[in-house]
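Chemist: no sequence on this one, just coordinates:
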């Protein structure tokens with residue numbers, strides 16, 4: 001169920017970027033980065049995931065396959081408009097981006113991973129939260145709920161206060177749910193379980209941006225991906241942000257590094273295409289010369 005759709009679509013050129021928000025969040029989480037990339041001429045889509053934008057019951061009723069289906073539809077839309085598409089997102093959104101890269105390699109040119117979250121190991125996560133890994137059914141998981149804990153993934157106090165007021169006021173356009181249903185956390189675990197066997201198949205160039213002081217998903221998440229992905233990886237460690245790097249103090253750094261990465265990747269792709277065209281012309285010329293000589 002999609003109660004309030006806050007999907008962001010910004011028309012640009014033939015290079016597209018698909019950015020996905022985090023679990024229990026909204027596209028507003030990646031809006032600043034989307035706007036920064038759009039100003040550089042890229043086409044940017046930030047879909048709202050299935051089950052999000054409504055109540056905890058809406059989110060509980062959704063599955064990771066539903067979230068992934070949202071991402072696939074957004075990718076299909078971008079591929080109609082763009083010759084080159086990069087995918088990624090924040091936290092769980094980064095995990096969904098990796099799933100797209102694994103399952104749709106011909107349609108994904110690269111990945112942009114912001115605070116990728118395979119497991120919760122940040123410094124603000126209480127030890128007893130890890131006992132949730134013992135839960136084996138979604139029905140039982142539904143009996144749990146996880147409250148958003150201070151500092152809520154945001155180091156900048158001004159931004160944190162704004163987001164928390166929006167959450168408490170039920171402003172779904174600017175903030176997600178204050179409590180994340182245990183069923184959704186269970187589905188996230190299922191998503192990660194489905195992705196892990198596929199990591200070695202992901203060969204697309206990858207940018208990872210992860211805060212050193214991530215309060216939710218420790219930097220061990222990014223280091224794990226560095227070891228497991230079969231891709232060329234560029235990693236930047238952010239020193240002045242918590243988990244929500246797309247809205248925190250270094251959000252402009254996220255835009256700048258992403259823009260640099262996309263520019264290099266697209267230039268490399270253009271060079272490969274140009275080289276192939278030169279080789280084609282050379283072959284055609286050689287065949288024409290042979291035909292004349294004959």
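Modeler: Arrived safely, thanks for sending. Quick caveat, the model's predicted, so the values are computed rather than measured.

Chemist: So which elements touch the helix or strand containing residue 210?
Modeler: Element membership for residue 210 (DSSP states H and E) is strand 206-211. Packing partners of strand 206-211 (3 or more C-beta pairs under 8 Å, 6 or more residues apart in numbering; DSSP states H and E): strand 110-114, helix 220-228, strand 233-238, helix 251-293. In short, each C-beta sits where N, CA and C put it, glycine included.

Chemist: deepest of the ones you listed, which one?
Modeler: Across the helices and strands packed on strand 206-211, averaging neighbours per residue (mean count of other C-beta atoms under 10 Å) puts strand 110-114 on top, at a mean of 28.

Chemist: what helices or strands is that one leaning on?
Modeler: On a contact count with 3+ C-beta pairs under 8 Å, 6+ apart, strand 110-114 meets strand 84-90, helix 92-103, strand 206-211, helix 251-293.

Chemist: now the ones you listed as a markdown table including distance to residue 159 and mean pLDDT?
Modeler: Shown next, in a markdown table, are the helices and strands packed on strand 110-114 (distance: least, C-beta to C-beta, whole Å; pLDDT from 0 to 100):
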| stretch | distance to residue 159 | mean pLDDT |
| --- | --- | --- |
| strand 84-90 | 14 | 98 |
| helix 92-103 | 19 | 98 |
| strand 206-211 | 14 | 98 |
| helix 251-293 | 9 | 86 |
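
Chemist: The ones you listed: which one's closest to residue 226?
Modeler: With C-beta to C-beta as the criterion, residue 226 lies closest to strand 206-211 of the helices and strands packed on strand 110-114, at 7.2 Å.

Chemist: Please name the strands paired to that closest one in the sheet, noting orientation.
Modeler: The strands beside strand 206-211 in its sheet (DSSP bridges) come out as strand 110-114 (parallel), strand 233-238 (parallel).

Chemist: Could you dump those into TSV and include distance to residue 86 and mean pLDDT?
Modeler: Formatted as TSV, these follow (distance: least, C-beta to C-beta, whole Å; pLDDT from 0 to 100):
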stretch	distance to residue 86	mean pLDDT
strand 110-114	4	98
strand 233-238	13	98
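
Chemist: Check what pLDDT residue 1 gets.
Modeler: Per-residue pLDDT puts residue 1 at 42.

Chemist: Would you tell me which of the helices and strands packed on strand 206-211 gets closest to residue 195?
Modeler: Nearest to residue 195, of the helices and strands packed on strand 206-211 and by C-beta to C-beta, is helix 220-228 at 10.0 Å.

Chemist: helix, strand or coil for residue 146?
Modeler: Counting by DSSP: H, G, I helix; E, B strand; the rest coil, the backbone at residue 146 sits in strand.

Chemist: residues near it, how many?
Modeler: Neighbours of residue 146 under the rule other C-beta atoms under 10 Å: 18.

Chemist: quick one: contacts for it?
Modeler: For residue 146, the contact set (C-beta atoms under 8 Å, 6 or more residues apart in numbering) comprises 129, 179-182, 185.

Chemist: Which of those residues are buried, as a ChimeraX select command?
Modeler: Command for ChimeraX, covering only those of the contacts of residue 146 found buried under the criterion 16 or more other C-beta atoms under 10 Å:
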select :180,181,182,185
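
Chemist: The closest residue to residue 234 other than its chain neighbours: what's it in contact with?
Modeler: Using C-beta to C-beta, 6 or more residues apart in numbering and skipping residues adjacent in sequence, the residue nearest residue 234 is residue 207, 5.1 Å away. Contact partners of residue 207, counting by C-beta under 8 Å, 6+ apart, are 88, 110-113, 233-236, 257-258, 261.

Chemist: Please name the nearest non-neighbouring residue to the residue most central in space within the chain.
Modeler: Nearest to the mean C-alpha position of the chain, counting by C-alpha atoms, centre = their mean, stands residue 89 at 1.8 Å. Spatial nearest neighbour of residue 89, excluding adjacent residues (C-beta to C-beta, 6+ apart): residue 20 at 3.2 Å.
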